[in-house]
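*Asks:* Kindly generate the corresponding structure for this input.
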Amino acid sequence: MSGTALIAGVSGIVGNNLARHLVKGGWTVQGLARRPPADLASVEPVATDLLDPGSLRQALAARAPTHVFITTWLRQETEAENIRVNAAMVRNLLDGLRPAGSVRHVALVTGLKHYLGPFEAYGKGNLPATPFREEQERLDVENFYYAQEDEVFAAAGRDGFSWSVHRPHTVIGYALGNAMNMGVTLAVYATLCREAGRPFRFPGSPAQWNGLTDMTDARQLARHLAWAATTPAARDDAFNIVNGDVFRWSWMWGRIAAWFGLEPAPFDGTVRPLQAQMADDAPLWAEIAARHGLVEPDLGRLASAWHTDADLGRPIEVVTDMGKSRRLGFLDYQATDDSFFDLFERLRASRVIP
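*Replies:* Residues are numbered from 1 along each chain as shown. Model prediction:
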């Protein structure tokens, strides 16, 4: 089954990979962003701002998508502002599509902050037991994910479409200039360490180094989004989505180091955030980019150290249950080390890293 998909946030790590997957599956794909990427073949760009209702209505006037995928958010200084801004983006989009009456399904991508809390209280306080399961109740804190969900639920009740909510763990995939991109951040960090002769140190917490964890390949998430949008049994439900394997960073760190020809530094239990380690590396990266003819000399457009620090610095083990999707027939699997290696190969082939 296919249809006409409108992807909000097509320039991001999730939207970009979803667009490619849907095009291969025979969908008609419209990609919405303030600056839609030029490298997505067969995707019709929709250049507009989700926070500008007038511009949005004009851009959507001739659109009649059957399926809407919301894969975008904007980080603000406080969670109250996150709620105001990101709820408005969802509301404006669904209000703008309402006149056409064409939408049959809306998929919203959120994440494990549903269980861990917002950045202001990340991994603190009373948290549900792991592995995280979808039936666990919302935390008693403000969270923009909950506000986004509520906008989708309200519009679905009003307009009669089905919905799905997708909660990935840290997403690995190809996208540049993305605010949450551990794979590219670690590739850049490893390159800096190799080129400057610095130790390749794990930046996170002992709990992350020793505990079990999982991750989500953007391609796995794309398959999951398409599956839920076209599977009647998956309508009107929320799903965790991860690769299907588990690992410890004490194992994965050595795998990543070996790919870059590095010897990993021993981990002594000290948290050494990447944001501090890479704080003065912009000139060095620009020099590396010039020397190797790389396509992006701006370190700030590649690395999102703050987000990688948030994930790797968590004081608790984080593992995700996928039982609900499995029982309904989604059986796809992706090895996480291969997710990293596939990404690194693509970054090298695209001359993002040397």
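
*Asks:* Look at the nearest residue to Ala257 once chain neighbours are set aside and say how many residues are nearby.
*Replies:* Of all residues not flanking Ala257 in the chain, Pro264 sits nearest, at 4.1 Å (Cβ to Cβ, 6 or more residues apart in numbering). Just so you know, the C-beta spots here come from the backbone N, C-alpha and C atoms, and that holds for glycine as well. Applying other Cβ atoms under 10 Å, we find 18 residues neighbouring Pro264.

*Asks:* quick one: Val165 and Gly111 touch, right?
*Replies:* No. Look at Val165 against Gly111 with Cβ atoms under 8 Å: they stay out of range, at 10.2 Å.

*Asks:* neighbours around the residue lying closest to Asn181 once chain neighbours are set aside, how many?
*Replies:* The shortest distance from Asn181 to any non-neighbouring residue, by Cβ to Cβ, 6+ apart, is to Ser304 (5.3 Å). Neighbours of Ser304 under the rule other Cβ under 10 Å: 21.

*Asks:* Thought Thr185 was touching Ser304, still the case?
*Replies:* Yes. Between Ser304 and Thr185 a contact is recorded at 5.5 Å, counting by Cβ under 8 Å.

*Asks:* Report the set of residues contacting both of the two.
*Replies:* When Cβ atoms under 8 Å, 6 or more residues apart in numbering defines a contact, no residue borders Ser304 and Thr185 alike.

*Asks:* Kindly export the lengthiest helix in the chain (C-alpha atoms) in PDB.
*Replies:* In the chain, taking DSSP state H as the definition, the longest helix is helix 79-97. This file holds the C-alpha atoms of helix 79-97, laid out as PDB (Å, rounded to 0.1, in the frame of the first residue of the first chain):
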ATOM      1  CA  GLU A  79      10.500  23.300  28.400                       C
ATOM      2  CA  ALA A  80       7.600  25.700  28.700                       C
ATOM      3  CA  GLU A  81       8.800  27.300  25.400                       C
ATOM      4  CA  ASN A  82       9.400  23.900  23.900                       C
ATOM      5  CA  ILE A  83       5.700  23.100  24.600                       C
ATOM      6  CA  ARG A  84       4.400  26.300  23.200                       C
ATOM      7  CA  VAL A  85       6.500  26.300  20.000                       C
ATOM      8  CA  ASN A  86       6.400  22.600  19.200                       C
ATOM      9  CA  ALA A  87       2.700  22.100  19.900                       C
ATOM     10  CA  ALA A  88       2.000  25.100  17.700                       C
ATOM     11  CA  MET A  89       3.900  23.600  14.800                       C
ATOM     12  CA  VAL A  90       1.800  20.400  15.000                       C
ATOM     13  CA  ARG A  91      -1.400  22.300  15.400                       C
ATOM     14  CA  ASN A  92      -0.600  24.700  12.500                       C
ATOM     15  CA  LEU A  93       0.200  21.900  10.200                       C
ATOM     16  CA  LEU A  94      -2.900  19.900  10.900                       C
ATOM     17  CA  ASP A  95      -5.100  23.000  10.700                       C
ATOM     18  CA  GLY A  96      -3.500  23.900   7.400                       C
ATOM     19  CA  LEU A  97      -4.300  20.500   6.000                       C
END
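
*Asks:* residues touching His166, list them.
*Replies:* Per Cβ under 8 Å, 6+ apart, neighbours of His166: 107-110, 221, 224-225, 228, 238-239, 241.

*Asks:* For Val165 and Gly111, work out which one has more neighbours and name it.
*Replies:* Val165 (23 against 20).

*Asks:* So the more buried one, which state does it fall into?
*Replies:* Using DSSP: H, G, I helix; E, B strand; the rest coil, the structure places Val165 in strand.

*Asks:* who touches the nearest residue to it once chain neighbours are set aside in this structure?
*Replies:* Excluding the flanking residues, the one nearest Val165 by Cβ to Cβ, 6+ apart is Ala238, at 3.9 Å. Residues near Ala238 by Cβ under 8 Å, 6+ apart: 134, 149, 164-167.

*Asks:* Same check on Trp27?
*Replies:* Per Cβ under 8 Å, 6+ apart, neighbours of Trp27: 2-5.

*Asks:* hmm, 6 Å instead?
*Replies:* 2, 5 (Cβ atoms under 6 Å, 6 or more residues apart in numbering).
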